[in-house]
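Undergrad: I would like the atomic coordinates for the input below:
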Amino acid sequence: MNNSRLLGFGSTWHISTLSGLYLSQGLSGGFTMGLTTYLVSKGASVSDISLLLSITLLPWTIKFLLGPFVDAFTLKRFGRRRFWILLSQTFMLLSLTPLVFTEVESVTTLLIVALTFHNFCVAISDISIDAMAADTLEEKDLGKANGFMWGSKMLGRGSGMALSALIFFNYGVNLGILVLIFLMFLFFLMPLFSKELEYKIGSEEEGVVANKLPVRDLISEVLKGFSTKKAVLALFFMLFANIGYGIFDVVYNQFYIDTLGWSGEEIGSARPIGMWVGAVVGLMAGLLSVYLGKRYLLTFFILGQMGVFLALSTFTAEASYSSGLSILIGLDAFDAGWSVLIFAALMSLCTTKTSATNFGIYVGLANISTLIGNNLAPLMFSNFDYSVTFIFCAVSMIPCLIIAPLITKEVN
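TA: Have a look, this model is predicted:
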């Protein structure tokens, strides 16, 4: 194996592979967003979309249960984390195959089952990729690497939504899913032809990892990872982080169609712009954190996202197209900025052998936060107007605003 394809030390190939895998995840998420827009334009209700997103998100909320398996078992000939990446990526591709041969015009049981299993595989892949990043990157490279990774994910998400909207509305869902499978396969080739670093950065003296980590050691390492004040505060941060965004994801299609008068095609072509801008902002946030630190940047981006939600609460049918577009751009840009910074901070807290489990717990709480938002959306939609709903989205981020400076404070 050529050492130029070694996944370690923040090399160009290393970061490119991590970014490529994140881009592939983004494509998957973007196609799902394009599909929800398509289904709403075909008559799916807020409750239908809430059901679809809530169930398909469940695998992400149990990431903390998946992490121990990724930490405890592997086949070291493939690499401790790379084994799980290759396995999960293979099933990611296979899980979408039934949708290539099935008509998709509404929220059906088959659609929910296929996307839920697909997301289960994506969740395993995601936790393995994050664990690999935490294991193979030095702390000084985490901000930069997370900028590239999250930027790639947003680029993939925006491109996935734009491409899926184009294909779904003109050629049907079946061809769109086939194109997604092909694109994801191309990025699968990067880890396939790579070699993983054989030890965790900073633990070279412990040597090459074994195929198994004893349960006792697993539990001890997990508890050790949450033994600091910063780690505990980070758990609370993630629990509130995505409530507002989870509500927005369920109701924004209906809001833009019913209140602002947009068509499904207009949403499908406009939303990706915000994600592409988010990709650039995420990359810039990661690079700037190297020079400016994470503390004030994180606070800035959280305030920005709260401000966008508050601005959206003032919108009426008279709002211009450019105003509606600005909201989509602003929301995704600020979300990308704070996500890059908080994930870099979380990875720096994963200093034990159980980085998959510890990071999985953080991200699992973030996805529980999204799930809470998804399920609150129909309740908010049926009892309050859009203005109150979007104000609530902003208010839900106040705990994050308070906690952010505490978990990013530099230790002197």
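
Undergrad: residue boundaries of the strands in the chain?
TA: Under the criterion DSSP state E, the chain contains strands at 6-7, 195-196.

Undergrad: run the chain-centre distance for the last one.
TA: I take that to be strand 195-196. 24 Å (CA atoms, centre = their mean, to the nearest Å).

Undergrad: and the first one, by the same measure?
TA: Taking CA atoms, centre = their mean, one finds the center of strand 6-7 at 23 Å from the center of the full chain.

Undergrad: columns mean pLDDT, distance to residue 27 and mean neighbour count on top of the strands of the chain, output as JSON lines?
TA: C-betas here are computed from N, CA, C, even on glycine. Below are those laid out as JSON lines (pLDDT from 0 to 100; distance: least, CB to CB, whole Å; neighbours: other CB atoms under 10 Å):
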{"stretch": "strand 6-7", "mean pLDDT": "86", "distance to residue 27": "21", "mean neighbour count": "21"}
{"stretch": "strand 195-196", "mean pLDDT": "86", "distance to residue 27": "23", "mean neighbour count": "21"}
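
Undergrad: for residue 387, find the nearest of those.
TA: Among those, the nearest to residue 387 by CB to CB is strand 6-7 (48.3 Å).

Undergrad: for that closest one, packing partners?
TA: helix 12-41, strand 195-196 (3 or more CB pairs under 8 Å, 6 or more residues apart in numbering; DSSP states H and E).

Undergrad: try 10 Å
TA: Strand 6-7 sits against helix 12-41, helix 109-136, strand 195-196, with contacts defined as 3 or more CB pairs under 10 Å, 6 or more residues apart in numbering; DSSP states H and E.

Undergrad: got a list of what the residue nearest to residue 404 when sequence neighbours are not counted touches?
TA: Spatial nearest neighbour of residue 404, excluding adjacent residues (CB to CB, 6 or more residues apart in numbering): residue 298 at 4.7 Å. Residue 298 sits next to 237, 285, 289, 337-342, 344-345, 400-401, 403-405, 407-408 when contact means CB atoms under 10 Å, 6 or more residues apart in numbering.

Undergrad: again, but for residue 246
TA: Contacts of residue 246 (CB under 10 Å, 6+ apart): 50, 53-54, 57, 366-377, 393, 396.

Undergrad: okay, and which of those map to helices?
TA: Among these, the ones falling in helices (DSSP state H) are 50, 53-54, 57, 366-377, 393.

Undergrad: buried subset of those residues?
TA: Listed as buried from these are 50, 53-54, 57, 366-377, 393; burial here means 16 or more other CB atoms under 10 Å.

Undergrad: and stretch 390-406, end to end?
TA: Start-to-end span of stretch 390-406 (CA to CA, to the nearest Å) is 27 Å.

Undergrad: what residues sit buried inside it?
TA: Neighbour-count burial for stretch 390-406, counted by 16+ other CB under 10 Å, picks out 390, 391, 392, 393, 394, 396, 397, 400, 401, 403, 404.

Undergrad: surely the fifth one touches residue 331?
TA: Pointing back at residue 394 there. No: using CB atoms under 10 Å, residue 394 is not in contact with residue 331, being 11.1 Å away.

Undergrad: shared neighbours of those two, anything?
TA: Common neighbours of residue 394 and residue 331 (CB under 10 Å, 6+ apart) are 244, 305, 308, 309, 311, 312.

Undergrad: farthest-apart pair in the residues you listed, please.
TA: Spatially, the most separated pair among the shared contacts of residue 394 and residue 331 is 244 and 311, at 13.1 Å (CB to CB).

Undergrad: rewinding a little: out of the shared contacts of residue 394 and residue 331, which is most surrounded?
TA: Counting by other CB atoms under 10 Å, residue 244 has the largest number of neighbours within the shared contacts of residue 394 and residue 331, with 29 neighbours.

Undergrad: now for residue 244 and residue 311: what residues contact both?
TA: Residues within reach of residue 244 and of residue 311 at once, by CB under 10 Å, 6+ apart, are 331, 390, 394.

Undergrad: pretty sure the first one sits against residue 247.
TA: No: in terms of CB under 10 Å, residue 331 does not count as a neighbour of residue 247; the distance is 11.9 Å.

Undergrad: what about the two, which has more around it?
TA: Using other CB under 10 Å as the criterion, residue 331 and residue 247 rank with residue 247 on top: 28 against 24.

Undergrad: residue 255 versus the more buried one, what's the distance?
TA: Using CB to CB, to the nearest Å, residue 247 is found at 11 Å from residue 255.

Undergrad: shared neighbours of the two, anything?
TA: Shared contacts of residue 247 and residue 255 (CB under 10 Å, 6+ apart): 381, 389, 390.

Undergrad: of the residues you listed, closest to residue 15?
TA: The closest of those to residue 15 turns out to be residue 390 (CB to CB; 36.5 Å).

Undergrad: nearest spatial neighbour of that closest one, skipping sequence neighbours?
TA: Per CB to CB, 6+ apart, closest to residue 390 is residue 313, 3.9 Å.

Undergrad: number of nearby residues for that neighbour?
TA: 17.

Undergrad: dihedrals phi and psi, it?
TA: Backbone torsions for residue 313, taken as degrees, to the nearest 10, come to phi -70, psi -20.

Undergrad: check contacts around it.
TA: Contacts of residue 313 by CB under 10 Å, 6+ apart are 385, 386, 387, 388, 389, 390, 391, 392, 393, 394.
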